[in-house]
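Engineer: Please work out how this folds:
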Amino acid sequence: MDTFFFTKLKYKLYYFMFLLSERKKEQKETNRVAERFLTYNNYTVFSKLKGKKVKKVLILLPHCIQNYSCPFKITSDIENCKKCGQCVIGDFLNIKSQYPVEVKIATGGTLARKHIKDTKPDLVMAVACKRDLISGIYDAFPVKIIGVFNEIPGEPCVNTTVSINKIYEYLQKIF
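Structural biologist: All right, here's what the predicted structure looks like:
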């Protein structure tokens, strides 16, 4: 069984390897270290949740997941979304109505940390690009964070998306 010290040490090792491997990669390139870190993290978090009741879940989304040209900005309140279907924000409103979760949008790490501090969740499900997600999980340790990489079909930080099926899969494991 992992102790806090060894888990923290593993996080440090993965993060160091990630930083070394990430130096020359483009945003959309595969980073096996990032994928392994996320797999290890999610496995560790889910194993800590086994047999425990999770009452408060915060889903953190990056602002780039909203359609770039949408006039209804959801950074301050996701309820501003009109569910037009041009991005996945409407899907998260549906998730919010089906599960006892809070959904927040973060424009960066500082706002993400503020949302975590204000919400005080039992668990965070975070969606972000590999750099931001790996850094965020590492910085927030020992907060329990399930991570999901966002998908970047075009340029980074514009009109990204996420697998809603993966979100539902994780929510079913949690609840």
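Engineer: so the most centrally placed residue in the chain, which of the three states?
Structural biologist: Within the chain, one residue has its C-alpha closest to the average C-alpha position: by CA atoms, centre = their mean, that is A126, at 1.5 Å. Following DSSP: H, G, I helix; E, B strand; the rest coil, A126 is assigned to strand.
Engineer: What separation is there between it and Y11?
Structural biologist: The gap separating A126 from Y11 is 15 Å, by CB to CB, to the nearest Å. In this view, the C-beta of every residue, glycine as well, is placed from N, C-alpha and C.
Engineer: Could you do T44 as well?
Structural biologist: Using CB to CB, we find T44 at a distance of 9 Å from Y11.
Engineer: Between the two, which has more neighbouring residues?
Structural biologist: Between T44 and Y11, Y11 has the larger neighbour count (other CB atoms under 10 Å), namely 19 against 15.
Engineer: residue contacts, that one?
Structural biologist: N41, I137, Y138, F141 (CB atoms under 8 Å, 6 or more residues apart in numbering).
Engineer: Before we go further, F92 is sitting in a helix, right?
Structural biologist: Yes. If the criterion is three-state DSSP, then F92 is within a helix.
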